[in-house]
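[1] here are the coordinates; sequence isn't available:
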C-alpha cells in the first residue's frame, strides 16, 4: 500500500516563511505510521524536513507546477495539502488505513476530506470509525474542484489541471468542468476545515481532526494566532516565532514583498469570509 499513495504538500516559494511551522504542527499531529510516501513540493527552494522528500516543480503557473510534480511521483493516489493548512488536532492512522483499502478496492477517483457547507451530500451504508462515506451531489455542491485536503486518483487529478490556470481559475472553471462530467465524488467529515461542523450523517462518537488555513493574500490571518502562541513554548524556534509574530502584527507578506494582485481576489475574499 505504501507505494500506491503519496502525500504532497504543495508549496510556493513566496510562502517559505510558513514551511517550518507547517512541518512543526504536521509532525505534532500526524501519525507517520500512516502508509504513504511524504513529499514537500517547492518551486526552486530546497527544504530539509525529517519526514518529507523535497521535490521541485520549477517556476510557472499553478496548474503547470502541480502537473509537473505529479509527473515526478510514481504513486497512484495523492493526498493533497498546502503549506498554509496547519494541523491542530491529532490524525488517526486507522481512519486512513481503512480509507485506503476502500479507495484502492473500488478505484475511487476523489474523496474530499474537509468539512464544509459548500458540499451537499447523500449518505451511503459505508462507515469508517463512525464517519459516513457520503457522495456529493454534483449539481447542488460548490467547489467540486478545490484545493482543500482531499485524496485523489493521480491521473484523475492531472486531468483537472488545464494549462496555465492560476489556483482560483482552476477551482472556478474546474468546478464547472466536473459538474458537466458528473463523476462519482465521495466525502468524509474527517478534517474540520477552519473549525467547520460535520455535514454528513455520522455516528455520534466520531473523533474529528482539524486544520486551519492561516494565510490570506500572502499574509497571516486571524487563524494563525493560536499557532503563534503554541510556538512560543519552543525555545529553539524563538527567532522564527518572533518573525512570524512581527509579520502577523504588522500584516507584512510572507516574503516582505507587496501583496500579489489576483484577478479573482473578490471571489476568494467572499469564500474566505464564508469559511470564518
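    Arrived safely, thanks for sending. This is a predicted model, so every value here is computed, not measured.

[2] list the helices and strands the lengthiest strand in the chain packs on?
    When the chain is parsed with DSSP state E, its longest strand is strand 186-193. Helices and strands touching strand 186-193, by 3 or more CB pairs under 8 Å, 6 or more residues apart in numbering; DSSP states H and E, are strand 110-115, strand 131-132, strand 134-136, strand 209-213. Any C-beta I mention is one placed from the backbone N, CA and C, and that applies to glycine too.

[3] Sheet partners, orientation included, of it?
    Strand 186-193 pairs in its sheet with strand 110-115 (parallel), strand 134-136 (antiparallel), strand 209-213 (parallel), by DSSP bridges.

[4] mind giving me a markdown table with these and columns for distance to residue 58, mean neighbour count and mean pLDDT?
    Putting the strands paired with strand 186-193 into a markdown table (distance: least, CB to CB, whole Å; neighbours: other CB atoms under 10 Å; pLDDT from 0 to 100) gives the following:
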| stretch | distance to residue 58 | mean neighbour count | mean pLDDT |
| --- | --- | --- | --- |
| strand 110-115 | 26 | 23 | 98 |
| strand 134-136 | 33 | 21 | 98 |
| strand 209-213 | 25 | 21 | 99 |
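
[5] re earlier: tell me how far the longest strand of the chain lies from the chain's centre.
    11 Å (CA atoms, centre = their mean, to the nearest Å).

[6] same thing with stretch 115-133?
    Here stretch 115-133 is found 18 Å from its chain centre; the criterion is CA atoms, centre = their mean.

[7] what's near enough to touch residue 251?
    219-220 (CB atoms under 8 Å, 6 or more residues apart in numbering).

[8] got it, and residue 52?
    By CB under 8 Å, 6+ apart, residue 52 lies in contact with 9, 23, 38-40.

[9] go with 7 Å
    Applying CB atoms under 7 Å, 6 or more residues apart in numbering to residue 52 gives the contacts 38-40.

[10] by how many degrees do the host helix or strand of residue 176 and strand 110-115 diverge?
    For residue 176, the host element (DSSP states H and E) is helix 167-181. Counting by axes from the mean of the first three to the mean of the last three CA atoms, to 10 degrees, helix 167-181 lies at 120 degrees to strand 110-115.

[11] And helix 167-181, what's buried?
    Residues 167-172, 174-175, 178-179 are the ones in helix 167-181 that count as buried (16 or more other CB atoms under 10 Å).

[12] Over to stretch 229-236?
    Going by neighbour count (16+ other CB under 10 Å), the buried part of stretch 229-236 is 230-231.

[13] what's in contact with it?
    Here stretch 229-236 has contacts from 21, 237, 241, using CB under 7 Å, 6+ apart.
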